[in-house]
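[1] how would this look folded up:
(one chain, ligands or ions: 1)
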Amino acid sequence: MGTSNSESRQTTSYPFLRGQKALVTGANSGIGRATAIGLGKVGADVVVNYVAGRESADEVVRAIEGLGVRAYAHEADVSKEDEVAGMISRMVDEFGTIDVLVANAGLQRDAAVGDMTLAQWQKVLDVNLTGQFLCAREAVKEFLRRGVVPEVSRSAGKIICMSSVHQMIPWAGHVNYAASKGGVQMMMETLAQELAPEKIRVNAVAPGAIRTPINRSAWETPDAEADLLRLIPYRRVGDPEDIATAVAALASDLFDYVVGTTLYVDGGMTLFPGFATGG
Ligand code: NAD
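    This next block holds a predicted model:
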(Lines give C-alpha, C1' and ligand atoms only; values in the text may rest on other atoms or scores of the structure.)
Protein backbone atom coordinates (compact mmCIF):
# COMPACT_ATOMS: atom_id res chain seq x y z
CA MET A 1 0.00 0.00 0.00
CA GLY A 2 1.34 3.43 -0.83
CA THR A 3 0.93 6.54 1.23
CA SER A 4 -2.79 7.30 1.44
CA ASN A 5 -4.66 10.46 2.33
CA SER A 6 -5.99 8.69 5.39
CA GLU A 7 -2.49 8.65 6.89
CA SER A 8 -2.89 12.36 7.57
CA ARG A 9 -5.86 11.54 9.80
CA GLN A 10 -3.50 10.19 12.40
CA THR A 11 -2.24 13.65 13.17
CA THR A 12 -1.55 13.43 16.88
CA SER A 13 2.06 14.07 17.72
CA TYR A 14 1.58 13.48 21.45
CA PRO A 15 4.37 10.96 22.11
CA PHE A 16 2.52 8.68 24.53
CA LEU A 17 4.74 5.70 23.67
CA ARG A 18 8.00 7.65 23.93
CA GLY A 19 10.87 5.41 25.02
CA GLN A 20 8.92 2.21 24.39
CA LYS A 21 10.16 -0.52 22.08
CA ALA A 22 7.60 -2.12 19.80
CA LEU A 23 7.66 -5.13 17.50
CA VAL A 24 5.09 -5.34 14.72
CA THR A 25 4.92 -8.63 12.81
CA GLY A 26 3.99 -8.63 9.14
CA ALA A 27 4.86 -4.94 9.09
CA ASN A 28 5.75 -4.43 5.43
CA SER A 29 2.17 -4.43 4.14
CA GLY A 30 -1.35 -3.25 4.94
CA ILE A 31 -2.34 -3.02 8.60
CA GLY A 32 1.09 -3.96 9.94
CA ARG A 33 2.77 -1.27 7.86
CA ALA A 34 0.36 1.43 9.05
CA THR A 35 0.65 0.22 12.63
CA ALA A 36 4.44 0.26 12.63
CA ILE A 37 4.43 3.83 11.31
CA GLY A 38 1.61 4.79 13.68
CA LEU A 39 3.56 3.56 16.71
CA GLY A 40 6.57 5.54 15.49
CA LYS A 41 4.38 8.65 15.26
CA VAL A 42 3.61 8.41 18.97
CA GLY A 43 7.24 7.97 19.92
CA ALA A 44 8.01 4.23 19.93
CA ASP A 45 11.13 2.67 18.44
CA VAL A 46 9.91 -0.06 16.12
CA VAL A 47 11.11 -3.41 14.78
CA VAL A 48 9.57 -4.04 11.37
CA ASN A 49 9.16 -7.79 10.93
CA TYR A 50 8.65 -9.23 7.46
CA VAL A 51 8.86 -12.68 5.92
CA ALA A 52 9.31 -11.65 2.27
CA GLY A 53 9.84 -8.29 0.56
CA ARG A 54 12.95 -6.67 2.02
CA GLU A 55 12.45 -3.52 -0.08
CA SER A 56 8.99 -2.73 1.30
CA ALA A 57 10.24 -3.43 4.83
CA ASP A 58 13.11 -0.99 4.30
CA GLU A 59 10.63 1.60 3.03
CA VAL A 60 8.65 1.28 6.28
CA VAL A 61 11.87 1.60 8.29
CA ARG A 62 12.75 4.82 6.45
CA ALA A 63 9.26 6.23 7.07
CA ILE A 64 9.59 5.51 10.80
CA GLU A 65 13.13 6.89 11.05
CA GLY A 66 11.83 10.04 9.37
CA LEU A 67 9.67 10.55 12.46
CA GLY A 68 12.78 10.86 14.63
CA VAL A 69 12.66 7.43 16.28
CA ARG A 70 14.65 4.24 15.70
CA ALA A 71 13.64 1.34 13.49
CA TYR A 72 15.11 -1.66 11.74
CA ALA A 73 13.76 -4.49 9.61
CA HIS A 74 13.98 -8.12 10.71
CA GLU A 75 13.19 -11.09 8.48
CA ALA A 76 11.50 -13.96 10.32
CA ASP A 77 8.69 -16.42 9.72
CA VAL A 78 6.44 -16.09 12.77
CA SER A 79 5.46 -19.76 12.52
CA LYS A 80 9.07 -20.90 13.07
CA GLU A 81 10.05 -21.23 16.72
CA ASP A 82 13.78 -20.59 16.26
CA GLU A 83 13.23 -17.57 14.00
CA VAL A 84 10.86 -15.95 16.51
CA ALA A 85 13.28 -16.57 19.38
CA GLY A 86 16.08 -15.04 17.29
CA MET A 87 13.95 -12.01 16.47
CA ILE A 88 13.19 -11.19 20.11
CA SER A 89 16.74 -11.85 21.26
CA ARG A 90 18.12 -9.47 18.59
CA MET A 91 15.56 -6.87 19.70
CA VAL A 92 16.77 -7.14 23.30
CA ASP A 93 20.37 -6.77 22.06
CA GLU A 94 19.65 -3.76 19.82
CA PHE A 95 16.87 -1.92 21.68
CA GLY A 96 17.44 -3.22 25.20
CA THR A 97 14.00 -4.77 25.62
CA ILE A 98 10.49 -5.10 24.18
CA ASP A 99 7.53 -3.19 25.62
CA VAL A 100 4.86 -3.73 22.96
CA LEU A 101 4.20 -6.75 20.73
CA VAL A 102 1.71 -6.35 17.90
CA ALA A 103 1.09 -9.91 16.68
CA ASN A 104 -0.28 -8.90 13.31
CA ALA A 105 1.11 -11.28 10.67
CA GLY A 106 -1.63 -13.28 9.01
CA LEU A 107 -2.83 -14.78 5.77
CA GLN A 108 -5.73 -16.50 4.05
CA ARG A 109 -5.80 -19.73 2.02
CA ASP A 110 -9.46 -19.88 1.02
CA ALA A 111 -11.38 -22.93 -0.22
CA ALA A 112 -14.73 -24.63 0.21
CA VAL A 113 -14.33 -27.21 2.94
CA GLY A 114 -14.55 -30.18 0.57
CA ASP A 115 -11.69 -28.76 -1.48
CA MET A 116 -9.53 -27.49 1.36
CA THR A 117 -6.24 -29.31 1.58
CA LEU A 118 -4.62 -30.14 4.88
CA ALA A 119 -1.76 -27.89 3.78
CA GLN A 120 -4.17 -24.93 3.40
CA TRP A 121 -5.68 -25.60 6.81
CA GLN A 122 -2.31 -26.06 8.46
CA LYS A 123 -0.63 -23.02 6.90
CA VAL A 124 -3.32 -20.65 8.16
CA LEU A 125 -3.31 -22.14 11.66
CA ASP A 126 0.50 -22.11 11.74
CA VAL A 127 0.83 -18.42 10.85
CA ASN A 128 -2.34 -16.89 12.30
CA LEU A 129 -2.52 -18.79 15.59
CA THR A 130 0.75 -20.60 16.33
CA GLY A 131 2.68 -17.55 15.07
CA GLN A 132 0.90 -15.32 17.58
CA PHE A 133 1.54 -17.86 20.35
CA LEU A 134 5.27 -18.08 19.59
CA CYS A 135 5.70 -14.30 19.45
CA ALA A 136 3.67 -13.82 22.63
CA ARG A 137 5.65 -16.49 24.49
CA GLU A 138 9.02 -14.99 23.62
CA ALA A 139 7.86 -11.45 24.41
CA VAL A 140 6.43 -12.58 27.76
CA LYS A 141 9.78 -14.09 28.79
CA GLU A 142 11.37 -10.66 28.34
CA PHE A 143 8.47 -8.81 30.04
CA LEU A 144 8.85 -11.10 33.07
CA ARG A 145 12.63 -10.74 33.14
CA ARG A 146 12.46 -6.92 33.07
CA GLY A 147 9.31 -6.22 35.09
CA VAL A 148 7.69 -2.80 35.38
CA VAL A 149 9.83 0.26 34.73
CA PRO A 150 7.56 3.06 36.00
CA GLU A 151 9.25 5.84 33.99
CA VAL A 152 8.41 3.91 30.80
CA SER A 153 4.99 2.38 31.44
CA ARG A 154 2.66 1.31 34.22
CA SER A 155 2.72 -2.24 32.87
CA ALA A 156 5.52 -4.73 32.28
CA GLY A 157 4.43 -5.22 28.69
CA LYS A 158 1.57 -5.08 26.25
CA ILE A 159 0.49 -7.62 23.65
CA ILE A 160 -2.00 -6.67 20.97
CA CYS A 161 -3.28 -9.66 19.00
CA MET A 162 -4.57 -8.84 15.52
CA SER A 163 -7.79 -10.78 15.34
CA SER A 164 -10.77 -10.22 13.03
CA VAL A 165 -14.52 -9.83 13.08
CA HIS A 166 -14.32 -13.52 12.08
CA GLN A 167 -13.49 -14.44 15.66
CA MET A 168 -17.24 -13.79 16.03
CA ILE A 169 -18.80 -14.02 12.55
CA PRO A 170 -18.69 -17.46 10.88
CA TRP A 171 -17.28 -17.24 7.33
CA ALA A 172 -18.20 -19.88 4.75
CA GLY A 173 -15.34 -20.81 2.46
CA HIS A 174 -12.78 -19.68 5.02
CA VAL A 175 -13.02 -22.30 7.76
CA ASN A 176 -9.27 -22.28 8.38
CA TYR A 177 -9.16 -18.49 8.78
CA ALA A 178 -12.27 -18.25 10.97
CA ALA A 179 -11.00 -21.10 13.19
CA SER A 180 -7.62 -19.37 13.52
CA LYS A 181 -9.21 -16.10 14.64
CA GLY A 182 -11.60 -17.86 17.03
CA GLY A 183 -8.48 -19.44 18.47
CA VAL A 184 -6.79 -16.04 18.73
CA GLN A 185 -9.67 -14.76 20.83
CA MET A 186 -9.45 -17.56 23.39
CA MET A 187 -5.66 -17.50 23.40
CA MET A 188 -5.73 -13.74 24.03
CA GLU A 189 -8.27 -13.99 26.84
CA THR A 190 -6.44 -16.89 28.51
CA LEU A 191 -3.09 -15.11 28.31
CA ALA A 192 -4.71 -11.95 29.64
CA GLN A 193 -6.07 -13.84 32.64
CA GLU A 194 -2.76 -15.64 33.24
CA LEU A 195 -0.53 -12.60 32.87
CA ALA A 196 -2.52 -9.74 34.41
CA PRO A 197 -1.07 -10.47 37.88
CA GLU A 198 2.37 -9.97 36.33
CA LYS A 199 1.22 -6.54 35.11
CA ILE A 200 1.24 -7.68 31.49
CA ARG A 201 -1.76 -6.52 29.45
CA VAL A 202 -3.02 -8.68 26.60
CA ASN A 203 -5.76 -7.40 24.30
CA ALA A 204 -6.93 -7.79 20.72
CA VAL A 205 -8.02 -5.57 17.89
CA ALA A 206 -10.61 -7.08 15.55
CA PRO A 207 -10.69 -5.27 12.21
CA GLY A 208 -13.70 -5.42 9.93
CA ALA A 209 -13.10 -4.81 6.22
CA ILE A 210 -9.89 -2.85 5.80
CA ARG A 211 -8.52 -1.92 2.38
CA THR A 212 -5.33 -4.04 2.15
CA PRO A 213 -3.85 -6.63 -0.22
CA ILE A 214 -5.30 -9.54 1.82
CA ASN A 215 -8.86 -8.77 0.65
CA ARG A 216 -8.26 -6.89 -2.61
CA SER A 217 -11.01 -8.81 -4.46
CA ALA A 218 -13.59 -7.56 -1.91
CA TRP A 219 -13.04 -3.87 -2.71
CA GLU A 220 -11.18 -3.40 -5.98
CA THR A 221 -14.18 -3.17 -8.33
CA PRO A 222 -17.17 -0.84 -7.74
CA ASP A 223 -19.55 -3.84 -7.68
CA ALA A 224 -17.46 -5.69 -5.12
CA GLU A 225 -17.19 -2.57 -2.96
CA ALA A 226 -20.96 -1.96 -3.14
CA ASP A 227 -21.56 -5.55 -1.95
CA LEU A 228 -19.09 -5.08 0.86
CA LEU A 229 -20.62 -1.76 1.99
CA ARG A 230 -23.95 -3.54 2.54
CA LEU A 231 -22.22 -5.35 5.42
CA ILE A 232 -20.91 -2.13 7.01
CA PRO A 233 -23.45 0.12 8.77
CA TYR A 234 -20.99 3.03 8.70
CA ARG A 235 -20.83 2.65 4.87
CA ARG A 236 -17.08 3.07 4.55
CA VAL A 237 -14.36 0.50 3.94
CA GLY A 238 -11.75 0.91 6.66
CA ASP A 239 -8.20 2.15 6.12
CA PRO A 240 -5.14 0.56 7.74
CA GLU A 241 -4.73 3.77 9.76
CA ASP A 242 -8.08 3.11 11.45
CA ILE A 243 -6.45 0.03 12.96
CA ALA A 244 -3.11 1.72 13.68
CA THR A 245 -4.73 4.34 15.92
CA ALA A 246 -6.64 1.66 17.84
CA VAL A 247 -3.46 -0.34 18.43
CA ALA A 248 -1.51 2.71 19.58
CA ALA A 249 -4.22 3.63 22.06
CA LEU A 250 -4.51 0.09 23.45
CA ALA A 251 -0.75 -0.16 23.83
CA SER A 252 -0.51 3.09 25.77
CA ASP A 253 -0.98 3.80 29.47
CA LEU A 254 -4.13 5.73 28.50
CA PHE A 255 -5.65 2.23 28.31
CA ASP A 256 -3.81 0.83 31.33
CA TYR A 257 -6.96 -0.66 32.88
CA VAL A 258 -8.03 -2.43 29.67
CA VAL A 259 -7.16 -6.12 30.03
CA GLY A 260 -8.39 -9.06 27.94
CA THR A 261 -10.66 -7.00 25.70
CA THR A 262 -11.26 -7.18 21.98
CA LEU A 263 -11.65 -3.75 20.43
CA TYR A 264 -13.76 -4.18 17.28
CA VAL A 265 -12.76 -1.59 14.66
CA ASP A 266 -15.26 -2.48 11.99
CA GLY A 267 -17.67 0.35 11.12
CA GLY A 268 -20.38 -1.67 12.86
CA MET A 269 -19.94 -4.90 10.87
CA THR A 270 -20.55 -6.97 14.01
CA LEU A 271 -23.92 -5.25 14.64
CA PHE A 272 -25.79 -7.79 12.44
CA PRO A 273 -26.66 -5.21 9.74
CA GLY A 274 -29.00 -7.73 8.06
CA PHE A 275 -31.36 -7.09 10.99
CA ALA A 276 -31.51 -3.32 10.38
CA THR A 277 -34.58 -3.83 8.23
CA GLY A 278 -35.47 -7.48 8.82
CA GLY A 279 -35.87 -9.86 11.72
P1 NAD B 1 -1.54 -8.07 4.29
O2 NAD B 1 -1.56 -9.28 3.43
O3 NAD B 1 -1.40 -6.74 3.67
O4 NAD B 1 -0.45 -8.21 5.42
C5 NAD B 1 -0.15 -9.41 6.08
C6 NAD B 1 1.30 -9.37 6.49
O7 NAD B 1 1.63 -10.59 7.19
C8 NAD B 1 2.24 -9.28 5.28
O9 NAD B 1 3.29 -8.38 5.61
C10 NAD B 1 2.77 -10.70 5.17
O11 NAD B 1 4.03 -10.79 4.54
C12 NAD B 1 2.85 -11.06 6.65
N13 NAD B 1 3.04 -12.50 6.87
C14 NAD B 1 2.36 -13.53 6.31
N15 NAD B 1 2.89 -14.69 6.73
C16 NAD B 1 3.90 -14.38 7.58
C17 NAD B 1 4.82 -15.14 8.34
N18 NAD B 1 4.80 -16.49 8.31
N19 NAD B 1 5.72 -14.49 9.11
C20 NAD B 1 5.76 -13.15 9.15
N21 NAD B 1 4.92 -12.37 8.44
C22 NAD B 1 4.01 -12.99 7.67
O23 NAD B 1 -2.92 -8.17 5.09
P24 NAD B 1 -3.52 -7.23 6.24
O25 NAD B 1 -4.92 -7.00 5.89
O26 NAD B 1 -2.65 -6.08 6.54
O27 NAD B 1 -3.53 -8.27 7.45
C28 NAD B 1 -2.88 -8.02 8.69
C29 NAD B 1 -3.64 -8.74 9.80
O30 NAD B 1 -4.95 -8.16 9.92
C31 NAD B 1 -3.86 -10.24 9.57
O32 NAD B 1 -3.70 -10.93 10.79
C33 NAD B 1 -5.30 -10.30 9.10
O34 NAD B 1 -5.89 -11.55 9.39
C35 NAD B 1 -5.90 -9.18 9.93
N36 NAD B 1 -7.18 -8.68 9.40
C37 NAD B 1 -7.25 -7.99 8.23
C38 NAD B 1 -8.48 -7.54 7.78
C39 NAD B 1 -8.65 -6.75 6.52
O40 NAD B 1 -9.79 -6.44 6.16
N41 NAD B 1 -7.61 -6.37 5.82
C42 NAD B 1 -9.63 -7.80 8.54
C43 NAD B 1 -9.53 -8.52 9.71
C44 NAD B 1 -8.30 -8.94 10.14
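
[2] neighbours around residue 48, how many?
    29 (other C-beta atoms under 10 Å). Any C-beta I mention is one placed from the backbone N, CA and C, and that applies to glycine too.

[3] thinking it is in contact with residue 64, fair?
    Yes. Counting by C-beta atoms under 8 Å, residue 48 does reach residue 64; the two are 7.2 Å apart.

[4] shared neighbours of those two, anything?
    Shared contacts of residue 48 and residue 64 (C-beta atoms under 8 Å, 6 or more residues apart in numbering): 36, 71.

[5] what about the longest helix along the chain and the ligand, touching?
    The helix spanning the most residues in the chain, taking DSSP state H as the definition, is helix 175-195. No. Helix 175-195 does not reach the ligand (C-beta under 6 Å from any ligand atom); its nearest approach is 6.9 Å.

[6] Could you tell me the end-to-end distance of stretch 193-207?
    23 Å (C-alpha to C-alpha, to the nearest Å).

[7] wait, what's in contact with residue 145?
    Residue 145 neighbours (C-beta under 8 Å, 6+ apart): none.

[8] Helix or strand: which one has it?
    Using DSSP states H and E, residue 145 sits in helix 131-146.

[9] circling back: average model confidence for the longest helix of the chain?
    Averaged across helix 175-195, the pLDDT comes to 99.

[10] quick one, it and helix 131-146 angle?
    Taking axes from the mean of the first three to the mean of the last three C-alpha atoms, to 10 degrees, one finds that helix 175-195 is oriented at 20 degrees with respect to helix 131-146.

[11] So which elements touch helix 175-195?
    On a contact count with 3 or more C-beta pairs under 8 Å, 6 or more residues apart in numbering; DSSP states H and E, helix 175-195 meets helix 118-125, helix 131-146, strand 157-162, strand 200-207.

[12] Which parts of this structure are helices?
    30-41, 54-65, 81-95, 118-125, 131-146, 175-195, 216-219, 222-229, 240-251.

[13] Out of those, which is the most enclosed?
    Stretch with highest mean neighbour count among the helices of the chain: helix 30-41 (a mean of 28; mean count of other C-beta atoms under 10 Å).

[14] touching the ligand at all, that helix?
    Yes. Using C-beta under 6 Å from any ligand atom, helix 30-41 reaches the ligand at 30-32.

[15] what does stretch 84-98 give?
    No. Using C-beta under 6 Å from any ligand atom, stretch 84-98 never reaches the ligand; the gap is at least 9.0 Å.

[16] start at 616 instead
    OK, 616 is where the count begins now, so the last one is stretch 699-713.

[17] Residues contacting that stretch, please?
    With contacts defined as C-beta under 8 Å, 6+ apart, stretch 699-713 is touched by 636-638, 660, 662, 664, 685, 687, 689, 691, 693, 746, 749-750, 753-754, 756-758, 761, 772.

[18] where in the stretch 616-765 of the chain is pLDDT low?
    Scanning the stretch 616-765 of the chain for pLDDT under 70 picks out 616-628.

[19] near the ligand, which residues of it?
    Near the ligand, when you scan the stretch 616-765 of the chain using C-beta under 6 Å from any ligand atom, you find 640-641, 643-647, 664-667, 692-694, 719-722, 742, 746.

[20] if we go to 5 Å?
    Counting by C-beta under 5 Å from any ligand atom, the positions of the stretch 616-765 of the chain adjacent to the ligand are 641, 643-646, 666, 692-694, 719-722, 742.

[21] and those residues as CSV, adding distance to residue 867?
    Formatted as CSV, those follow (distance: C-beta to C-beta, whole Å):
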residue, distance to residue 867
641, 21
643, 24
644, 24
645, 22
646, 18
666, 28
692, 29
693, 24
694, 29
719, 17
720, 22
721, 23
722, 28
742, 27
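
[22] Perfect, that will be all.
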